[in-house]
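*Asks:* only geometry, no sequence info:
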């Protein structure tokens, strides 16, 4: 049976996927979404071209969104937001590179130059990434509608109503099943400019002060600390046997407003 590890325990080039709308409350037709990988949210480092992009409308109906432009740093979408309500934009899981690494006795997994400072058994890890964001038009009419595929961070209340200091809950899913005690990394826009020291978003040593852990039903409670954009990020590791692992990663980009 596969073993799911909800704690991130991997070190390699720390790029994470994200989707970033230019409007979270859609007020005009010049609406676009940026799809990219980053080390420091939300600075696009290289394009994340997903196998498919989906728009899930307020009724739960899905439509494919074709990219309108691509640069080396980002892919751009222009989804049509026609009716009032809440929309989810989803970048389907993208198969990434396979890494060689070392797993220590404590179960931590290291890659790249970090393998030179640790000892353990040799492993490989196949990387998969997906990303989500939510926008609304008019009155947010929100019902949680997981796709039940891959890793998902599902808001349990309207995702376009986040307010500084007010708790909001999310459920972490893997193929539709709750991931007990999953870790959710929280990263605010441009935080690398103000923090005394930065830890990458995979945070193998679990040093980031605002990491959040789910309960036994996969529910995380997040209390936003400041207004602006925020990235929520979950990594789940699956042991597929013979020292081979898969890393399934999902991010959720949201906007936090002042009280």
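*Replies:* In hand now; what should we look at? Since we're looking at a predicted model, the values are computed, not measured.

*Asks:* Show the contacting residues for residue 259.
*Replies:* Residue 259 makes contact with 163, 164, 165, 166 under the criterion Cβ atoms under 8 Å, 6 or more residues apart in numbering. (C-beta placed from N, C-alpha, C; glycine too.)

*Asks:* Closest to residue 78 out of the residues you listed?
*Replies:* residue 163 (28.8 Å; Cβ to Cβ).

*Asks:* Show the pLDDT at the closest one.
*Replies:* Reading off the confidence values, residue 163 has pLDDT 97.

*Asks:* now swap in residue 204 and tell me
*Replies:* 60.

*Asks:* Following the chain onward from the helix or strand bottoming out on mean pLDDT in the chain, which element is next?
*Replies:* Within the chain, no helix or strand scores below strand 10-11, which has a mean of 40 by mean pLDDT, DSSP states H and E. Next helix or strand after strand 10-11 toward the C-terminus (DSSP states H and E): strand 16-21.

*Asks:* What is that following strand packed up against?
*Replies:* If contacts are counted by 3 or more Cβ pairs under 8 Å, 6 or more residues apart in numbering; DSSP states H and E, strand 16-21 sits against strand 33-38, strand 85-103, strand 121-137, strand 228-241, strand 244-257.

*Asks:* what angle separates the last one from strand 16-21?
*Replies:* This means strand 244-257. 30 degrees (axes from the mean of the first three to the mean of the last three Cα atoms, to 10 degrees).

*Asks:* How far does strand 244-257 sit from its chain's centre?
*Replies:* Mean-position distance between strand 244-257 and its chain equals 2 Å (Cα atoms, centre = their mean, to the nearest Å).

*Asks:* now do the shortest one
*Replies:* A distance of 11 Å separates the C-alpha centroid of strand 33-38 from that of its chain, computed with Cα atoms, centre = their mean.

*Asks:* doesn't residue 181 make contact with residue 214?
*Replies:* Yes - if you go by Cβ atoms under 8 Å, residue 214 and residue 181 touch, sitting 5.7 Å apart.

*Asks:* Show me which of those two is the more surrounded one.
*Replies:* Ranked by neighbour count (other Cβ atoms under 10 Å), residue 214 and residue 181 place residue 214 first, with 22 against 15.

*Asks:* check contacts around that one.
*Replies:* Taking Cβ under 8 Å, 6+ apart, one finds 6, 171, 172, 179, 180, 181, 182, 183, 184, 220 in contact with residue 214.

*Asks:* what two of those are the furthest from one another?
*Replies:* Top of the distance list for those (Cβ to Cβ): 171 and 183, 14.0 Å.

*Asks:* higher neighbour count, these two?
*Replies:* A side-by-side neighbour count of residue 171 and residue 183, using other Cβ under 10 Å, places residue 183 first with 23 against 20.

*Asks:* Tell me what the more buried one is bridged to.
*Replies:* Beta-bridge partners for residue 183, by DSSP bridges, are residue 213.

*Asks:* Kindly report the same for residue 247.
*Replies:* Applying DSSP bridges, one finds that residue 247 bridges with residue 127, residue 237.

*Asks:* Just to check, it is in contact with residue 239?
*Replies:* No - using Cβ under 8 Å, residue 247 makes no contact with residue 239, being 11.0 Å away.

*Asks:* higher neighbour count, those two?
*Replies:* residue 247 (23 against 16).

*Asks:* Could you export the helices and strands packed on strand 16-21 as a markdown table, including distance to residue 71 and mean pLDDT?
*Replies:* As requested, the helices and strands packed on strand 16-21 are exported to a markdown table (distance: least, Cβ to Cβ, whole Å; pLDDT from 0 to 100):
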| stretch | distance to residue 71 | mean pLDDT |
| --- | --- | --- |
| strand 33-38 | 9 | 96 |
| strand 85-103 | 16 | 93 |
| strand 121-137 | 17 | 94 |
| strand 228-241 | 20 | 94 |
| strand 244-257 | 19 | 95 |
